[in-house]
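Q: Okay, predicted coordinates and the sequence, questions at the end:
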Amino acid sequence: NAGVIQTPRHKVTGKGQEATLWCEPISGHSAVFWYRQTIVQGLEFLTYFRNQAPIDDSGMPKERFSAQMPNQSHSTLKIQSTQPQDSAVYLCASSLVVRGSGNTLYFGEGSRLIVV
Amino acid sequence: QQKVQQSPESLTVSEGAMASLNCTFSDRSSDNFRWYRQHSGKGLEVLVSIFSDGEKEEGSFTAHLNRASLHVFLHIREPQPSDSALYLCAVKTGYQNFYFGKGTSLTVIP
């Protein structure tokens, strides 16, 4: 079991460009979560999917951020027209189930996005 | 919305001395608590999970939950320099998401 895999690990992009981050959850896990981590705000929830369906995107900035899960082995987070304040580590996590003792989140190592 | 706060922001202890970390939450109906550890540049590693008042031990980590006082503590027995990391508290209610504190940065000096 390789754990949650995130690519790229590091990305530097120019202001106004698009950035796409990929996540491969642990095989068999039904839920996939995206978080953003900064020194100032800590770990902020962005969105999550259950059985590939979007369930809660209440943490997503509405205008430039979007997330998809086209199949059970792959989720993407896309940021259009990136701004310097988007610089952060983006963490993907998966869990076996959403509720109960089996809903431990297992995290990838994150994608560090730097917008210059 | 759930508010999770951790204290202290940073903590330095000597190798072998007990380390105690505090986490407070705002929703008394929260039913799912996790402590995670994050080494620099790495992802989060789950340490201990607790679902009811009382204590739960996993190796050298003990979580203590008191929902009436809205606190969940983490005690680290005989920490080693390799335990130096950011410790994060995560709290969940039902089908809601996990909400995280900003963490306590622990440094263990030899």
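A: On my side now, so go ahead.

Q: Can you get me a residue count around the residue in chain B positioned nearest to chain A?
A: Nearest to chain A in chain B, going by C-beta to the nearest C-beta, is residue B:102, at a distance of 3.5 Å. Glycine gets a C-beta too; all of them are placed from N, C-alpha and C. By other C-beta atoms under 10 Å in any protein chain shown, 20 other residues sit near residue B:102.

Q: How about the contacts made by it?
A: A:41, A:42, A:43, B:5, B:6, B:9 (C-beta atoms under 8 Å, 6 or more residues apart in numbering or on different chains).

Q: can you do 6 Å?
A: Remark: with contacts taken as C-beta atoms under 6 Å, 6 or more residues apart in numbering or on different chains, residue B:102 is in contact with residue A:42.

Q: do residue A:80 as well
A: A:18, A:64.

Q: confidence score at it?
A: Looking at residue A:80, its pLDDT is 97.

Q: likewise residue A:28?
A: 91.

Q: what's the burial count for the closest residue to it other than its chain neighbours?
A: Spatially, and ignoring its direct neighbours in sequence, residue A:28 is nearest to residue A:96 (7.0 Å; C-beta to C-beta, 6 or more residues apart in numbering or on different chains). Using other C-beta under 10 Å, residue A:96 has 15 neighbouring residues.

Q: What separation is there between residue A:96 and chain B?
A: When C-beta to the nearest C-beta, to the nearest Å is the yardstick, residue A:96 and chain B sit 12 Å from each other.

Q: does that residue really touch residue A:31, like I thought?
A: No. At 7.8 Å, residue A:96 does not count as touching residue A:31 under the criterion of C-beta atoms under 6 Å.

Q: For chain A, which residues score under the pLDDT cut-off?
A: A:1, A:98-102 (pLDDT under 70).

Q: picking that back up, any idea how far residue A:43 is from the residue nearest to residue A:28?
A: Here residue A:96 is placed at a distance of 20 Å from residue A:43 (C-beta to C-beta, to the nearest Å).

Q: what residue lies at the spatial centre of chain A?
A: residue A:34 (3.1 Å; C-alpha atoms, centre = their mean).

Q: For that one, which residues count as its bridge partners?
A: residue A:47, residue A:92 (DSSP bridges).

Q: for it, what are its contacts?
A: A:46, A:47, A:67, A:77, A:92.
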